[in-house]
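Asker: Here's a sequence, model it:
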Amino acid sequence: MKKENVLIIFKKYPIIKGSIEKRHKMGKKQKTEYMDTKYSTRTILIGLWISLMLLFIYCDILWYLRPNRINEIIDGFMGPYQINQISLMFVGILMAIPALMIIANLFIKLKAIRCINIIAGILITLVIIGNMVGERWAYQIIYGIMQIIITFLIIMNSIKWKRI
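Answerer: This next block holds a predicted model:
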């Protein structure tokens with residue numbers, strides 16, 4: 001496009017001219033600035049509990065894909081544990097903790113939820129460590145480490161929760 005044609009376009013459409021000239025004047029040295037949003041501790045903790053719950057789900061799905069796991073379940077075993085009402089109730093309660101902590105962080109008062117997050121984080125960390133003992137599958141170890149990091153972040157964010 002010739003220079004004369006560009007000037008004619010700018011005269012017809014002054015809005016385009018202003019925006020193009022502004023970009024042209026800034027040149028290549030223009031720096032883009034991003035706004036960093038500060039999140040509340042409750043929001044951070046909810047995000048961490050959601051991440052932990054998703055890692056539990058993904059890890060459990062991969063566990064079912066291991067050789068002979070389906071046969072073990074058919075035979076009534078989940079790893080070394082026999083499948084019965086008590087074992088399923090125990091696993092169900094442990095897996096419900098992250099989901100309940102999401103709701104609890106929304107509605108429970110600060111002093112109480114701070115302690116509850118610390119206690120739940122420690123409890124879940126101990127369960128994860130217990131599940132990792134003797135584990136030889138790399139994915140299980142990697143997921144366990146990620147889960148421990150997340151529970152550590154939950155505990156530390158709860159401990160460092162600033163008072164107003």
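
Asker: Pretty sure residue 52 sits against residue 144.
Answerer: No - with contacts counted by C-beta atoms under 8 Å, residue 52 stays clear of residue 144, the gap being 11.7 Å. For glycine as for every other residue, the C-beta is placed from the backbone atoms N, C-alpha and C.

Asker: The two: which is more packed in?
Answerer: Higher neighbour count among residue 52 and residue 144: residue 52, with 25 against 18, using other C-beta atoms under 10 Å.

Asker: Let me know the helix or strand that that one is in.
Answerer: helix 41-64 (DSSP states H and E).

Asker: Please name every helix or strand in contact with that helix.
Answerer: Secondary structure elements in contact with helix 41-64, counted by 3 or more C-beta pairs under 8 Å, 6 or more residues apart in numbering; DSSP states H and E, are helix 85-107, helix 110-132, helix 138-159.

Asker: got the CA positions of it in PDB?
Answerer: The C-alpha coordinates for helix 41-64 follow below in PDB (Å, rounded to 0.1, in the frame of the first residue of the first chain):
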ATOM      1  CA  THR A  41      -5.900 -17.100  52.200                       C
ATOM      2  CA  ARG A  42      -9.300 -18.800  52.000                       C
ATOM      3  CA  THR A  43      -9.200 -18.800  48.200                       C
ATOM      4  CA  ILE A  44      -5.600 -20.100  48.200                       C
ATOM      5  CA  LEU A  45      -6.600 -22.900  50.600                       C
ATOM      6  CA  ILE A  46      -9.600 -23.800  48.500                       C
ATOM      7  CA  GLY A  47      -7.500 -24.100  45.400                       C
ATOM      8  CA  LEU A  48      -5.000 -26.300  47.200                       C
ATOM      9  CA  TRP A  49      -7.700 -28.600  48.500                       C
ATOM     10  CA  ILE A  50      -9.200 -28.900  45.000                       C
ATOM     11  CA  SER A  51      -5.700 -29.700  43.500                       C
ATOM     12  CA  LEU A  52      -5.200 -32.300  46.200                       C
ATOM     13  CA  MET A  53      -8.500 -33.900  45.500                       C
ATOM     14  CA  LEU A  54      -7.800 -34.000  41.700                       C
ATOM     15  CA  LEU A  55      -4.400 -35.700  42.400                       C
ATOM     16  CA  PHE A  56      -6.100 -38.300  44.500                       C
ATOM     17  CA  ILE A  57      -8.500 -39.000  41.700                       C
ATOM     18  CA  TYR A  58      -5.900 -39.200  39.000                       C
ATOM     19  CA  CYS A  59      -3.600 -41.400  41.100                       C
ATOM     20  CA  ASP A  60      -6.500 -43.800  41.900                       C
ATOM     21  CA  ILE A  61      -7.400 -44.100  38.200                       C
ATOM     22  CA  LEU A  62      -3.800 -45.000  37.400                       C
ATOM     23  CA  TRP A  63      -3.800 -47.500  40.200                       C
ATOM     24  CA  TYR A  64      -6.700 -49.400  38.500                       C
END
